[in-house]
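Student: how would this look folded up:
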Amino acid sequence: MEALAQFVPLLLIFAIMYFLLIRPQQKKLKDHQAMVKALRRGDQVVTQGGLIGKVTKVKDDNELEVELAQGVKVRVVQSTISQVLSKTEPAEG
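Tutor: Model prediction:
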């Protein structure tokens, strides 16, 4: 019985760490992956480097073409998108 009583605080610490650290981080990662999958042409995005631009093309190999200024287009990896500022409306039909 004494051995079990010694493990209870260790189990409590693990449970607290799971609910305060691990679980929220997994949820944040899942939300980011869903945001990246939902990107479409016309969305205004912010990259992790702080560049703001409009998505002009979504490529199949986890790559986007983003227009930073008129005539200035760059290729970025989808996972480096940190925020979507404005979404375009989904196409009808």
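
Student: all strands of the chain, in order?
Tutor: Using DSSP state E, the strands of the chain run over 44-47, 52-59, 63-69, 72-77, 81-86.

Student: Just name the most buried of the ones you listed.
Tutor: Highest mean neighbour count among the strands of the chain (mean count of other Cβ atoms under 10 Å): strand 44-47, with a mean of 18. C-beta coordinates here come from the backbone N, C-alpha and C atoms, glycine included.

Student: Which elements pack onto that one?
Tutor: strand 52-59, strand 63-69, strand 81-86 (3 or more Cβ pairs under 8 Å, 6 or more residues apart in numbering; DSSP states H and E).

Student: who wins for proximity to residue 23 among those strands?
Tutor: strand 81-86 (21.5 Å; Cβ to Cβ).

Student: Mind checking the pLDDT average for stretch 77-85?
Tutor: Mean pLDDT, computed over stretch 77-85, is 93.

Student: nope, stretch 1-10 is what I was after
Tutor: 86.

Student: May I have that stretch as PDB, with CA atoms only?
Tutor: The C-alpha coordinates for stretch 1-10 follow below in PDB (Å, rounded to 0.1, in the frame of the first residue of the first chain):
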ATOM      1  CA  MET A   1       0.000   0.000   0.000                       C
ATOM      2  CA  GLU A   2       2.900   2.300   0.800                       C
ATOM      3  CA  ALA A   3       4.400   1.800  -2.700                       C
ATOM      4  CA  LEU A   4       1.100   2.900  -4.300                       C
ATOM      5  CA  ALA A   5       1.000   6.000  -2.100                       C
ATOM      6  CA  GLN A   6       4.400   7.000  -3.400                       C
ATOM      7  CA  PHE A   7       3.300   6.800  -7.100                       C
ATOM      8  CA  VAL A   8       0.100   8.900  -6.600                       C
ATOM      9  CA  PRO A   9       2.000  12.300  -6.700                       C
ATOM     10  CA  LEU A  10       3.900  11.200  -9.800                       C
END
